[in-house]
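Trainee: here is the input, now give the coordinates:
(2 chains)
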Amino acid sequence: DAKTTQPTSMDCAEGRAANLPCNHSTISGNEYVYWYRQIHSQGPQYIIHGLKNNETNEMASLIITEDRKSSTLILPHATLRDTAVYYCIVRVAEQAGTALIFGKGTTLSVSS
Amino acid sequence: GAVVSQHPSWVICKSGTSVKIECRSLDFQATTMFWYRQFPKQSLMLMATSNEGSKATYEQGVEKDKFLINHASLTLSTLTVTSAHPEDSSFYICSAEGLAGEYEQYFGPGTRLTVT
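Mentor: Numbering: from 1, shown residues only, chains lettered A, B, ... in the order given. Reported below is the predicted structural model:
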């Protein structure tokens, strides 16, 4: 699997948009970009994933650059409950039995 | 969304004893389950991949005789930590992957193991 690079930590004010970048310059054509987050002492929670088009769901938006070498996860209106470690993972989807390999992630701290 | 449970949520055991952790997919069938371990302030580390009805595949450096994995049904996988030692104290997390056509992975809430 391709590796990803994320900033170690970021801060965000409550109510503002949180933009979390991820670099995946060696991503392969059949690899998707996944985002998960982990709130302290809980299991990871799926947020969103995409291949090359921008994606949006009730939690977040995912913006993938045209060359697919980087992406940004956007939490449009961050709340205190969004404080967590956010993991960007690239993985071949539609292939059974492929584990998610976690990097160090970005610790997002949302403050009032 | 799909739900994965783990039991127990936390356990304390004495050094030298064995501990079993259960991972269940509650509303879907999982052909593959994964086991991760997470030490404080570190990321999740994949331990093994478990397929229903077959032997688990362990990652390099993970002792298969110490961490016994059984995946006897499409909704249950178990991890047994045998002869536990204090260095095995960690947060153990499982994830489950759905059947063909649904390859999303859903994570359990984790099990906190403390070996005294």
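
Trainee: so which residue is dead centre in the chain?
Mentor: Just so you know, I chose chain A. residue A:35 (3.2 Å; Cα atoms, centre = their mean).

Trainee: hm, I was asking about chain B
Mentor: In chain B, the C-alpha nearest the mean C-alpha coordinate belongs to residue B:35, at 3.7 Å (Cα atoms, centre = their mean).

Trainee: ok so, going back, contacting residues for the residue nearest to the centre of chain A?
Mentor: Contacts for residue A:35 (Cβ atoms under 8 Å, 6 or more residues apart in numbering or on different chains) come out as A:20, A:22, A:46-49, A:60, A:62, A:73, A:86-89. For glycine as for every other residue, the C-beta is placed from the backbone atoms N, C-alpha and C.

Trainee: apply 6 Å and report the result again.
Mentor: Residue A:35 makes contact with A:47, A:48, A:73, A:88, according to Cβ atoms under 6 Å, 6 or more residues apart in numbering or on different chains.

Trainee: hmm, the strand or helix carrying the second one touching chain B?
Mentor: This points to residue A:48. If you go by DSSP states H and E, residue A:48 is part of strand A:45-50. No - Strand A:45-50 is not in contact with chain B by Cβ under 6 Å from any Cβ of the partner chain; minimum separation 6.8 Å.

Trainee: the helix or strand that comes right after that strand: how far from the chain's middle?
Mentor: With elements assigned by DSSP H and E, the helix or strand that comes after strand A:45-50 is strand A:55-56. Distance of strand A:55-56 from its chain centroid, counting by Cα atoms, centre = their mean, to the nearest Å, is 12 Å.

Trainee: where does pLDDT dip in chain A?
Mentor: By pLDDT under 70, the weakly predicted segments of chain A are A:1-2, A:94-96.

Trainee: wait, chain B
Mentor: Filtered on pLDDT under 70, chain B yields the residue ranges B:1, B:99-103.

Trainee: for it, list the residues in contact with chain A, please.
Mentor: Counting by Cβ under 6 Å from any Cβ, the residues of chain B that sit close to chain A are B:32, B:34, B:43-44, B:46, B:49, B:93, B:103, B:105, B:107-110.
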